[in-house]
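# A structural model of the following input is requested.
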Amino acid sequence: MNNLGLVNALSKSSGLWAKSDIRSAAATFCHQPFPQLGLAGMLGDDAAVLPAQEGQLLLACEGIHPGLVEEDPWFAGWSGVLVNLSDIAAMGGRPLALVNSVWSTGAEGMSALMEGMQFACDRFGVPMVGGHSNQQSSYQALSVSVLGVADGPILSARAARPGDELWMLVNQAGGFYRHYPFWDAATHAPPERLRSQLALLPVLAAAQHIHAAKDISMGGITGTAVMFAEACGHQLILDLDAVEGPGDVLNETWLTCFPSFGYLLAVDPTRTPALEQMMASDPTLICCRIGDFAEGDCSVLLQHSGAIHRFWDGSHALTGFGCVR
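Purely as a prediction, here's the structure:
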């Protein structure tokens, strides 16, 4: 091959042109999320540079359901950011930055995913600083990761103790998004409310009002209760009649949905008056006692209409990440 032939071959390399898939991200996200870092902090290098932090680092990742990515890519992008930020808050931390991995069949599908992620990043004030883009895929998929830091106590679910009260903290100011089991208390909320509520759990942890927490995931309140019991290794008694929610929402639907902003908390009974007092200032929040942790195996009992039902017997693992004795 002569020199010209080699140059032409190199210029047509699939590996070269595959990099153009990154343009959707470059057209969407801020190129300088941390201006104080100067050129080194700009996006586009092999890794993102973040400002130095004190405290313990937190790392989380979520893959978004393929059906949601296909049917509603904007909302999938939004949700990919939201669920990661919730995971950091559940540990008593604050998010620093996000990265994503996207596979799509073309630029159109990728643009909607990117726009949903950027909308959430703007609302919560957390930058997207890198990722992976592939527009040559036969399918669409999204994964988002987040790095955070805990300046104070870590809210591990394993820290719940027998004698603790189980409390629920949820934002009730919203509505269900389309036909999904997703209570949307965020897409139309003011950014200042979203940011202040996201910062709430680290404040509660620092004040020692709570010492263990679990983000209410797609398993809903009941599913998350099982994961909480599994993590701490104690019995959890959940009083369904004490679970508060929006007045026009069916109880089963509320118990099994993802609530946008929702957490289960382990609270020492001596701290509950201070917790209630602190939460009373925000009318969008429901903060109520819904059960107790007790001695015993990691079973979950449900109280309902005067009867007690064994919902989870604790004899086998749900996630496999149990307590450490």
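
# quick one: the strands in the stretch 151-300 of the chain?
According to DSSP state E, counting those that start in this stretch, the stretch 151-300 of the chain carries its strands in the segments 165-171, 175-176, 183-184, 212-215, 235-239, 262-267, 285-294, 300-304.

# the inter-axis angle of the first one versus strand 285-294?
The reference is to strand 165-171. 160 degrees (axes from the mean of the first three to the mean of the last three Cα atoms, to 10 degrees).

# what's the angle from strand 165-171 to strand 262-267?
Per the same axes, to 10 degrees, the angle that strand 165-171 makes with strand 262-267 is 150 degrees.

# can you list contacts of strand 165-171?
185-186, 189, 197, 200, 210, 216, 221, 225, 228, 236-238, 243-245, 259-269, 272, 275, 279, 284-293 (Cβ atoms under 8 Å, 6 or more residues apart in numbering). Glycine gets a C-beta too; all of them are placed from N, C-alpha and C.

# What strands flank it, and is each parallel or antiparallel?
strand 262-267 (antiparallel), strand 285-294 (antiparallel) (DSSP bridges).

# got a markdown table for those, with mean neighbour count too?
A markdown table is the format used below for these (neighbours: other Cβ atoms under 10 Å):
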| stretch | mean neighbour count |
| --- | --- |
| strand 262-267 | 25 |
| strand 285-294 | 19 |
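
# These: which one's closest to Pro51?
Of all those, it is strand 262-267 that lies closest to Pro51, at 27.4 Å by Cβ to Cβ.

# what's the distance between the closest one and the middle of its chain?
14 Å (Cα atoms, centre = their mean, to the nearest Å).

# List of residues touching that strand?
Outside strand 262-267, the residues within contact range by Cβ under 8 Å, 6+ apart are 86, 89-90, 157, 159-161, 164-171, 183, 201, 204, 209-216, 221, 224-225, 228, 232, 275, 289, 293.

# so what's the closest residue to Ala90 other than its chain neighbours bridging to?
Spatial nearest neighbour of Ala90, chain neighbours left out: Asp215 (3.8 Å); criterion: Cβ to Cβ, 6 or more residues apart in numbering. The partner list for Asp215 in beta bridges (DSSP bridges) reads Tyr263.

# Asp215 touches Asp87, doesn't it?
Yes - contact criterion Cβ atoms under 8 Å: Asp215 and Asp87 qualify, at 5.6 Å.

# Mind putting the strands paired with strand 165-171 into JSON lines with mean pLDDT?
Conversion of those to JSON lines gives the following (pLDDT from 0 to 100):
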{"stretch": "strand 262-267", "mean pLDDT": "98"}
{"stretch": "strand 285-294", "mean pLDDT": "97"}
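
# Turn those strands into JSON lines, including distance to Ser24.
Formatted as JSON lines, the strands paired with strand 165-171 follow (distance: least, Cβ to Cβ, whole Å):
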{"stretch": "strand 262-267", "distance to Ser24": "32"}
{"stretch": "strand 285-294", "distance to Ser24": "37"}
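
# about what we covered before: check what pLDDT the residue nearest to Ala90 gets.
Looking at Asp215, its pLDDT reads 97.

# burial count for it?
24 (other Cβ atoms under 10 Å).

# Please work out which helix or strand belonging to this protein has the smallest mean pLDDT.
helix 14-18 (a mean of 76; mean pLDDT, DSSP states H and E).

# what about the stretch 1-150 of the chain, any weak spots by pLDDT?
Within the stretch 1-150 of the chain, the ranges that satisfy pLDDT under 70 run 1.

# Can you show me the helices along it?
Applying DSSP state H, counting those that start in this stretch to the stretch 1-150 of the chain gives helices spanning 3-11, 14-18, 23-26, 66-71, 73-90, 107-124.

# Thanks again, I'm all set now.
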